[in-house]
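Asker: My questions concern the predicted model and sequence given below.
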Amino acid sequence: MPEATILVVDDEKNTREALSKILREDGYDVLTAADGYHAMDVITHEGADLILADLKMPGMDGIELLSRTRLKGLDVPFVMMTAYGTVESAVDAMKKGAEDYLTKPVNIEELEIQIKRILAHRKLLVEAKQLRDRLRDKYKFENIIGSSPQMQAVFKTVEQVAPSRATVLITGESGTGKELIASAIHQNGPRADNPYIKVSCGALSENLLESELFGHEKGSFTGALFTRQGRFEIADGGTIFLDEIGDITPSTQVKLLGFLQDKKFERVGGNKTFSVDVRLIAATNKDLDKVVAEGAFRQDLYYRLNVITIKMPPLREKMSDVPLLVDHFVAKYAKENNKDIRSVSPDALAALMSYRWPGNVRELENMIERAVVMCNERVIGRQYFPVITGTDGPEALGMPAIPGSSLEDIEKFAIQKTLEAVGGNRTRAAEILKISLRKIQYKLKEF
Ligand SMILES: Nc1ncnc2c1ncn2[C@@H]1O[C@H](COP(=O)(O)OP(=O)(O)OP(=O)(O)O)[C@@H](O)[C@H]1O
Ligand SMILES: [Mg+2]
């Protein structure tokens with residue numbers, strides 16, 4: 001295998017042939033061109049790892065060939081060959097980006113050393129770049145695990161929205177990773193070096209939240225002894241993450257809507273208008289559609305927030321990620337606790353795979369942390385997950401065992417549970433089960 005392809009460009013046939021012969025003997029692939037135009041053709045169509053070009057050629061000279069190659073965005077290294085006495089133009093070529101030059105007649109040993117050096121240097125640069133790319137890929141979503149199609153779709157959306165300043169709403173059950181995704185959007189965007197400010201809206205009373213977000217002027221309410229900057233001011237140029245947005249009161253909703261409309265706000269108790277450049281990401285584990293329908297959340301604000309929505313899937317809907325998450329958390333907590341624990345046993349993993357994870361990834365993480373702390377072996381056994389009893393699955397609902405039950409029992413169970421869920425409304429149950437109302441009535445009689 002030749003280690004590199006070298007293109008020799010020279011209008012003198014003898015030089016071309018002599019150099020080609022030597023370089024081929026050294027084990028390189030050699031291409032030749034008699035002028036700059038032909039050389040451009042070879043460079044763009046076949047590619048070369050190094051170009052050895054005569055400086056003086058009729059038509060397009062070596063320097064022009066170099067410039068045109070760079071204009072095409074190609075950074076192949078050039079070595080210029082120049083006749084004795086025209087060293088100035090060779091220096092000029094180096095200023096324009098040639099790696100080096102040789103005077104003619106070419107000293108073969110010098111040529112070989114230069115080529116080796118340049119190619120070795122290139123290889124290092126290429127390897128370093130590959131390493132960086134790999135690292136970037138790996139840490140692009142630092143510590144966010146997910147090879148399931150659902151998570152891959154989430155990552156794709158994050159990649160698409162991160163560069164923009166569009167408002168993003170992240171929804172999903174508790175513990176599904178909403179906060180993790182919010183910070184990934186910030187980290188992967190152009191604001192990454194600017195502030196990322198998180199506010200838990202549910203934790204604060206209305207007054208406190210408003211002054212937290214927008215700041216307040218001294219004396220604006222009892223206890224406001226000093227003027228205070230709000231989080232929006234502090235986040236200028238960066239991102240603000242409003243967690244539990246579904247919990248904010250109507251008054252705060254109005255203020256937030258105002259901000260989203262014109263990026264301006266006033267401090268509580270103040271009349272000076274502040275204008276900031278802040279990207280907003282919001283999260284909620286509530287069904288905002290429902291909260292809006294109930295009248296507890298302004299529809300106009302909902303539309304403003306909902307420019308891009310990311311729905312975090314519950315863990316039970318992406319169970320294929322469980323083994324990866326388990327490995328990730330075992331490694332994380334083994335390191336944190338200085339323990340030499342590598343994995344969980346197959347039956348422990350089977351138990352983890354059978355559980356429904358109402359607390360999602362957070363529950364899994366906590367369970368693994370606890371197991372790592374308790375475990376003194378290298379492999380975490382099934383007994384370290386006592387919470388998973390094996391009856392948390394569908395059987396816990398009284399569902400007939402599958403396999404082990406007749407189709408009739410399973411059908412009966414499905415009809416009963418559906419009816420219960422819809423308060424005995426047979427029409428609705430028939431719709432959900434996709435069977436006719438008559439069939440439900442008939443089955444009920446049968447039971
Ligand atoms: N895909 C994932 N990969 C690795 N860790 C994850 C993943 N998803 C969630 N986690 C971890 O699970 C825990 C809960 O995640 P996070 O706080 O982002 O959830 P949340 O959706 O904001 O929950 P809540 O609604 O309760 O605030 C965190 O410790 C987080 O690091
Ligand atoms: Mg959260």
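Answerer: Arrived safely. Numbering: from 1, shown residues only. Ligands and ions are numbered 1, 2, ... in the order given.
Asker: what sits against the residue positioned nearest the centre of the chain?
Answerer: In the chain, the centroid-proximal residue (CA atoms, centre = their mean) is F141; its distance is 4.1 Å. Contacts here follow CB atoms under 8 Å, 6 or more residues apart in numbering; on that basis F141 touches F155, V158, A184, N188. Quick note: C-beta positions are derived from backbone N, CA and C, even for glycine.
Asker: Okay, the closest residue to the first one other than its chain neighbours and ligand 1: tell me how far apart.
Answerer: Same thing as F155. Leaving aside its sequence neighbours, F155 sits nearest to F141 (CB to CB, 6 or more residues apart in numbering; 6.0 Å). Computed with CB to the nearest ligand atom, to the nearest Å, the distance linking F141 and ligand 1 is 8 Å.
Asker: for G246, same thing?
Answerer: Taking CB to the nearest ligand atom, one finds G246 at 10 Å from ligand 1.
Asker: Same check on V254?
Answerer: Following CB to the nearest ligand atom, the distance that separates V254 from ligand 1 is 25 Å.
Asker: same thing with I388?
Answerer: Going from I388 to ligand 1 by CB to the nearest ligand atom gives 18 Å.
Asker: now G202
Answerer: 9 Å.
Asker: shouldn't that residue be in contact with D243?
Answerer: Yes - counting by CB atoms under 8 Å, G202 does reach D243; the two are 7.4 Å apart.
Asker: More neighbours: which of these two?
Answerer: D243 (21 against 15; other CB atoms under 10 Å).
Asker: Mean pLDDT per helix and strand in the chain: which one sits at the bottom?
Answerer: Within the chain, no helix or strand scores below helix 108-140, which has a mean of 78 by mean pLDDT, DSSP states H and E.
Asker: before we move on, back to that, okay, the contacts of F141 in TSV with neighbour count, secondary structure and distance to P358 next?
Answerer: Putting these into TSV (neighbours: other CB atoms under 10 Å; DSSP: H, G, I helix; E, B strand; the rest coil; distance: CB to CB, whole Å) gives the following:
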residue	neighbour count	secondary structure	distance to P358
F155	17	helix	25
V158	22	helix	25
A184	21	helix	24
N188	18	coil	30
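Asker: Flag the least confident of the residues you listed.
Answerer: pLDDT across the contacts of F141 is lowest for N188, at 91.
Asker: Name the residues that touch stretch 180-192?
Answerer: With contact meaning CB under 8 Å, 6+ apart, stretch 180-192 is reached by 140-144, 154, 158-159, 161-165, 168, 170, 196, 198, 237-239, 241, 243, 279, 281, 283, 310, 312.
Asker: what about the stretch 1-150 of the chain, any weak spots by pLDDT?
Answerer: Along the stretch 1-150 of the chain, the model assigns pLDDT under 70 to residues 1-2, 84-85, 132-140.
Asker: For it, list the residues in contact with ligand 1, please.
Answerer: N143, I144, I145, G146 (CB under 6 Å from any ligand atom).
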